[in-house]
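Novice: Sequence below, structure please.
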Amino acid sequence: MTRTRLLFSEAFRSIGANKSTTLAAAVTVLVGMFLLGVFIGLGTWLLSWSDAKKKELAVHVFIKDEAAAKEINGLRISLESDPRVKQPGGVTFISKEEALERMRKRAPELTRNLASNPLPASFDVVPNRGEDTEAIALDVKNAKLAAVDEVTWGKEVSKRILQLARGIQIVFLIAILILLVASTIDIANTIRLSIFARRREVEVMKLVGATNWFVRGPFMLEGLLTGLVGSLSAVFLLFLGRELAVPAILPSDRTSAEVQALPFMWTSLILFAFGLGIGALGSGLTLRKFLRI
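Specialist: Residues are numbered from 1 along each chain as shown. Below you'll find the model as predicted:
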């Protein structure tokens, strides 16, 4: 207990002796963790949105009017047996009557004076992964089954959605890496200045028999506290933004149950973990390089 109390007192004394640099490091961590929290919230929301859009991707297999029931059932079995197709409920039969009813709701002016039903029956095929949409469509098209008249899958739309989803993931990862590296470097510089300011004290401690970990402990704890204070401040600011700014920008009646960001509790825990992690990493790297004991 005495050793722990001494460890904390030394760490706080070091922080008090280097107020400006410690404050600069804490503010850097705060900004980094705040932006990281924003990126986590916005990034997970965009990933959720892109996943929801991927689920909307489907292959439309139109059936010939003259196709026999046996041929249609064979087509259904072929589609349902594809492991890339969502199970269950990945294959939906749309009759000619249902197709006409959908068209009437979507474009009533085009169906007002029809003498007969010109729309074909079809199967809507939903893949497990949006990335498999084109491959499923091409396989059905190239199979040249007797019941198949035409196969469509919104080639350009699905391509744009998938490209956007990949772009979101890449930007999200790059932004997080940049923020973490910047915060780690700043904490490392702060610990380096603390070591330089107390270099004579460290030499005296070693001369009187202090162990390596006893000397390193306060500096390591200083980095951990700096990271923790920065992450705590960032979580507080994010909470205020979540409670005050987000409802004004994005009213609840415009949000979808399928498209949601990561829960705030998990975001807070991630920020605490990253704050402590970069504090420990920045301290550890500096101690190893500049405190050779």
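
Novice: What separation do you get for Ile176 and Ser9?
Specialist: 35 Å (C-beta to C-beta, to the nearest Å). All C-beta spots, glycine's among them, are computed from the backbone N, C-alpha and C.

Novice: So if I had to pick from those two, which one is more boxed in?
Specialist: Neighbours per residue (other C-beta atoms under 10 Å) separate Ile176 from Ser9, with Ile176 holding more: 17 against 11.

Novice: where along the protein do the helices fall?
Specialist: Secondary structure of the chain (DSSP state H): helices at 2-17, 19-56, 69-80, 96-106, 133-143, 155-197, 199-207, 212-240, 246-249, 264-290.

Novice: Compute the first-to-last residue distance for stretch 60-68.
Specialist: 19 Å (C-alpha to C-alpha, to the nearest Å).

Novice: hmm, who's touching that stretch?
Specialist: 72, 75, 79, 120-125, 140, 146-153 (C-beta atoms under 8 Å, 6 or more residues apart in numbering).

Novice: Among these, which are located in strands?
Specialist: Under the assignment DSSP state E, those contribute 122-125, 148-152 to strands.

Novice: Same list, those, but as CSV with distance to Ser233 and neighbour count please.
Specialist: Putting the ones in strands among the contacts of stretch 60-68 into CSV (distance: C-beta to C-beta, whole Å; neighbours: other C-beta atoms under 10 Å) gives the following:
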residue, distance to Ser233, neighbour count
Ser122, 56, 23
Phe123, 55, 25
Asp124, 50, 14
Val125, 50, 24
Val148, 61, 21
Asp149, 63, 14
Glu150, 59, 12
Val151, 56, 21
Thr152, 53, 13
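
Novice: Among those residues, which one sits closest to Ala188?
Specialist: Within these, proximity to Ala188 (C-beta to C-beta) peaks at Val125, which comes in at 53.8 Å.

Novice: That closest one contacts Gly90, correct?
Specialist: Yes - counting by C-beta atoms under 8 Å, Val125 touches Gly90, with 6.4 Å between them.

Novice: so how far is Leu228 from Lys141?
Specialist: For Lys141 relative to Leu228 (C-beta to C-beta), the value is 58 Å.

Novice: same question but for Glu150, I mixed them up
Specialist: Glu150 is 61 Å from Leu228, by C-beta to C-beta.

Novice: What of Lys64?
Specialist: 68 Å.

Novice: now that we're looking at Gln260, how far away is Leu75 from it?
Specialist: Counting by C-beta to C-beta, the gap from Gln260 to Leu75 is 37 Å.

Novice: could you dump the ones in strands among the contacts of stretch 60-68 to JSON lines with distance to Val38 and pLDDT?
Specialist: Shown next, in JSON lines, are these (distance: C-beta to C-beta, whole Å; pLDDT from 0 to 100):
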{"residue": "Ser122", "distance to Val38": "43", "pLDDT": "90"}
{"residue": "Phe123", "distance to Val38": "43", "pLDDT": "90"}
{"residue": "Asp124", "distance to Val38": "38", "pLDDT": "88"}
{"residue": "Val125", "distance to Val38": "38", "pLDDT": "89"}
{"residue": "Val148", "distance to Val38": "48", "pLDDT": "87"}
{"residue": "Asp149", "distance to Val38": "49", "pLDDT": "86"}
{"residue": "Glu150", "distance to Val38": "46", "pLDDT": "87"}
{"residue": "Val151", "distance to Val38": "42", "pLDDT": "88"}
{"residue": "Thr152", "distance to Val38": "39", "pLDDT": "83"}
